[in-house]
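*Asks:* Everything below, folded, please.
(one chain, ligands or ions: 1)
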Amino acid sequence: MKTGKDIRQDFISFFKEKDHRFVRSSPVVPIDDPTLLFTNAGMNQFKPIFLGQEAPKQKRAVNSQKCIRVSGKHNDLEEVGVDNYHHTFFEMLGNWSFGDYYKAEAIEWAWELLTGVWGLDKRRLWATVHDSDDEAAQLWTQVTDIPAHQVLRFGDKENFWEMGETGPCGPCSEIHYYDGPDISRMKAEGVNAGPEYKELWNLVFIQNRRLENGALEDLPAKHVDTGAGLERIVAVIQGQTSNYATDLFIPLIEHVAQLTGVPYDDSQGVAHRVLADHIRMLAFSLADGALPGNEGRGYVVRRILRRAARFGRQLGQLEPFIYRLVPTLVDIMGEAYPELGEKRQFIAKVIKAEESAFGETLDRGLELFGDITSGLQAGDTLSGDEAFKLYDTYGFPLDLTELMARERGITVDQRGFDKAMAAQKKRARGGGKGGGKKAQRDWTTVTKGRDSVFRGHETTQHKAVIRKYRLLEDQAVEVILDQTPFYAEAGGQIGDTGTLTASGLLLQVMDTQKLVVDGHEVIVHECELRKGDMENHQAVHAKVNQERRQAIRLNHTATHLMHQALKVVLGDHIQQAGSLVAPDRLRFDLTHYEKLTSDEIERIETMVNQVIRENQAVDTKVMGFDEARESGAVALFGEKYGDEVRVVDVPGFSKELCGGTHVERTGDIGAFKITAESSLAAGVRRIEAVTGAGVFKYYRTLVSELDSKAEKQRDRIKQLERQLRAASKAQSADLGETIAAEAQMIEGVRFVARSVEIGDVDQLKDLAAEIKHKLKSAVVTLGTVLDGKPLVVVAVTDDLKERVPAGKFVKELGRLMGGGGGGTSIMATAGGKDPAKLEASLNAVADKLKIMLTER
Ligand code: SER
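*Replies:* Alright, predicted model coming up:
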């Protein structure tokens, strides 16, 4: 039996023999096309050729392309796993003519390969053509031996293929295969209608381009773009009605059964099929640089993973296990797509981390879902608020909730969900000032004409005329102007603040936002009325808070510089996953799997600061989108761009499509410092940074924090010293007791002579005084070595100070140590040079004392 691998190779060899050049599959993450989240057809990488923007390297091409269809125009997600022939990830075999052969060859060769090389039953094959395409209909019976009644006509929905909302398109001719058990029951009405009639191959005759305004335009040349689903063809050739029963899937299905202990059953194996399908989508998108996240492509990856995890729960899996399927997938497909094997560890690691993270809330979410649907029956609707709660609190993507609801015949109020989501976004954005205050009010039209012309790239103040306003509660007013220097929040940059004034009128602009009013986008100044009222005013002076705007500009240009530095330092997988450009800081979320090391952070800072010091002129130009992309400008995924775009260029370093406000020269930024780095979600890091005066502020705060830390430490040291002194006092009281008890007598006078270990001379004196008091009548001599020098203290009680004056006595001891000494008659000290002499000096005390006492 032919394997999946053989069949893939058959296709490629067949067309190579017909002068087609083999082209490698492009990544599932499109490098250059912001209109697409994932590569969804083999022709994606040839789009510029079809549109006449690029010359083909060859007239004919063949490949097998990794495709993902889970979002956008071509989206099979609902069917996946429920049936046995739709997938989130699949391989599309394709052959192309770039202005070379056309319909006749495309049809003839497809038929030759299907029926000649692969020997499919001609009676089971159906061809469809577009209603209007007489040429293709005729060609089918001319260049092949398909029976005429097996050629059918359909309208645009079935037989006009378009890549997306815009782009290359044209009429197509599809080939379907009836795989039902009883050929006598096969009928024309089943085509495009029943699951037994599978579309195997689509031959698109690309001749048009769909424009943004919906119109169709003729392309300069005519092309052929075909796509055949490998998985379905393999199923047909291997005599299976399910793609999952082919060698492309069997090992995965078996592995799922083995890991979960639940055997696969064709009629009830949705969970097995979903897992076998989703692991392919996950592994290939991760291999090509996508990462789970909260927006755009990252969110699609996350959604698929969460769906898979939920089906894992149905098979009793409470711990991460999906990642264990990766090696099996590498066995099946690693040869055709080496990137899979190369990144197998990374892929497994990411999947496992996501599984663990979601696992924590999955059960509670499932429980909540059970509760809220327990009272519902088939045909009922789950409220948007409940679906939103599942999303917001338990991380359930809407399509997961919908899928679970669908399993029970319940629908989900999607609009309610969208509303709840929009309300939350507004809350998040508006903080205290939004929300309830914004009871919907009507707009009052003051003047008519074009509005919201943005002047903020040239100036921060401008004369303006009020077009519309509406009063909200608490002196809140929203104002639309004919033209304005105020920047409305977009692309991460927050809205401007400032004032709108006229004689007798003061409006404090608290924020600026874009809003759709009467079907078109306007700039709304969200104001507080501070003086006057709105009536009788038309002309105002609009003035942006310039200092704040300037700080924002620094942070915005710095954001671009950091974006590029991140790419250089961390690698090309870095995507901007979100950003905030505020006056006091900038925040940047990026797709990256590991914590940034301090070395990486330092390199990023150094690179950005270097570009700042180079003081490059920042060039901003408005140009066509395609021209901008050709010039290498980076477009952000998830952003919508019009035909005209603004390109912000720091020559030789960074080039991005951006509508925001930027500095004139990089030197204006002054300085750049990263202040925080953290994890936002699995695979997404968040960086915060400051620029300009913010850097000095940051360091000032840092220094004063250090100062207060140091002060605290000084206080602590003092406190410890006090404690130490108290402790040593207590200790010396004990020591005094011991030494006093050792006192000796000479000539009827009590005396002490010994060495002690002690911290300083004061402590030594204190100790001597203490012993003296204890003994009431005595000559106390204590010695110690301090800082390598001998030291002696003599303390004498009052009754003996005449007979043994301490100052005089100590001098004699000092001499014995090679030094001098002195003091009063009751307390004196002597120091010496040689610590070894201390002993001798103390030993001499008794004799010296005797002499002094008896001399009299
Ligand atoms: N682009 C067409 C499709 O995706 C043919 O490959 O169906």
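*Asks:* Distance of the closest residue to the ligand within the stretch 451-600 of the chain relative to residue 568?
*Replies:* Residue nearest to the ligand within the stretch 451-600 of the chain: residue 575 (25.4 Å; Cβ to the nearest ligand atom). Bear in mind the C-beta positions are built from the backbone N, C-alpha and C, glycine included. In this view, residue 575 and residue 568 are 14 Å apart by Cβ to Cβ, to the nearest Å.
*Asks:* Look at the two and report which has more neighbours.
*Replies:* A side-by-side neighbour count of residue 575 and residue 568, using other Cβ atoms under 10 Å, places residue 575 first with 26 against 13.
*Asks:* isn't the more buried one right next to residue 590, touching?
*Replies:* Yes. Proximity of residue 575 to residue 590 meets the contact threshold set by Cβ atoms under 8 Å, at 6.8 Å.
*Asks:* what ranges do the strands span in the stretch 301-450 of the chain?
*Replies:* Secondary structure of the stretch 301-450 of the chain (DSSP state E, counting those that start in this stretch): strands at 381-382, 411-412, 444-445.
*Asks:* Residue 46 contacts residue 98, doesn't it?
*Replies:* Yes. Residue 46 is within contact range of residue 98, at 7.2 Å (criterion: Cβ under 8 Å).
*Asks:* Determine the residues that are contacts of both of those two.
*Replies:* 56, 61 (Cβ atoms under 8 Å, 6 or more residues apart in numbering).
*Asks:* number of nearby residues for residue 812?
*Replies:* 18.
*Asks:* Report the contact partners of it.
*Replies:* When contacts are counted by Cβ under 8 Å, 6+ apart, residue 812 touches 844, 848.
*Asks:* just checking, what packs against the helix or strand of the chain with the lowest mean pLDDT?
*Replies:* When each helix and strand of the chain is scored by mean pLDDT, DSSP states H and E, helix 625-630 comes last, with a mean of 78. On a contact count with 3 or more Cβ pairs under 8 Å, 6 or more residues apart in numbering; DSSP states H and E, helix 625-630 meets strand 644-650.
*Asks:* Show me what the mean pLDDT comes to for the strand it packs on.
*Replies:* The average pLDDT within strand 644-650 is 88.
*Asks:* Now the element after it, going C-ward?
*Replies:* strand 654-657 (DSSP states H and E).
*Asks:* Describe which strands the helix or strand following that next one pairs with in its sheet and in which direction.
*Replies:* Following strand 654-657 in sequence order, the next helix or strand is strand 672-681 (DSSP H and E). Its sheet considered, strand 672-681 pairs with strand 684-691 (antiparallel) by DSSP bridges.
*Asks:* Just put the strands of the stretch 301-450 of the chain in TSV and tack on mean neighbour count and distance to residue 800.
*Replies:* Output for those, formatted as TSV (neighbours: other Cβ atoms under 10 Å; distance: least, Cβ to Cβ, whole Å):
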stretch	mean neighbour count	distance to residue 800
strand 381-382	18	103
strand 411-412	18	104
strand 444-445	12	107
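*Asks:* Neighbours of the spatially closest residue to residue 670 that is not a sequence neighbour, how many?
*Replies:* The spatial neighbour of residue 670 that comes closest, neighbours along the chain excluded (Cβ to Cβ, 6 or more residues apart in numbering), is residue 692 at 4.2 Å. Look at residue 692: counted by other Cβ under 10 Å, it has 21 neighbours.
*Asks:* isn't residue 692 right up against residue 667?
*Replies:* No. At 10.7 Å, residue 692 does not count as touching residue 667 under the criterion of Cβ under 8 Å.
*Asks:* What are the boundaries of the strands in the stretch 501-650 of the chain?
*Replies:* 505-517, 520-531, 539-544, 576-581, 586-591, 619-624, 644-650.
*Asks:* I'd like to know which of those strands lies nearest to residue 203.
*Replies:* strand 619-624 (32.2 Å; Cβ to Cβ).
*Asks:* what lines up beside the closest one in the sheet?
*Replies:* strand 644-650 (antiparallel).
*Asks:* Now tell me what touches the strand it pairs with from outside.
*Replies:* Taking Cβ under 8 Å, 6+ apart as the rule, strand 644-650 contacts 557, 560-561, 564, 611, 616, 618-625, 628, 631, 633, 654-660, 662, 666.
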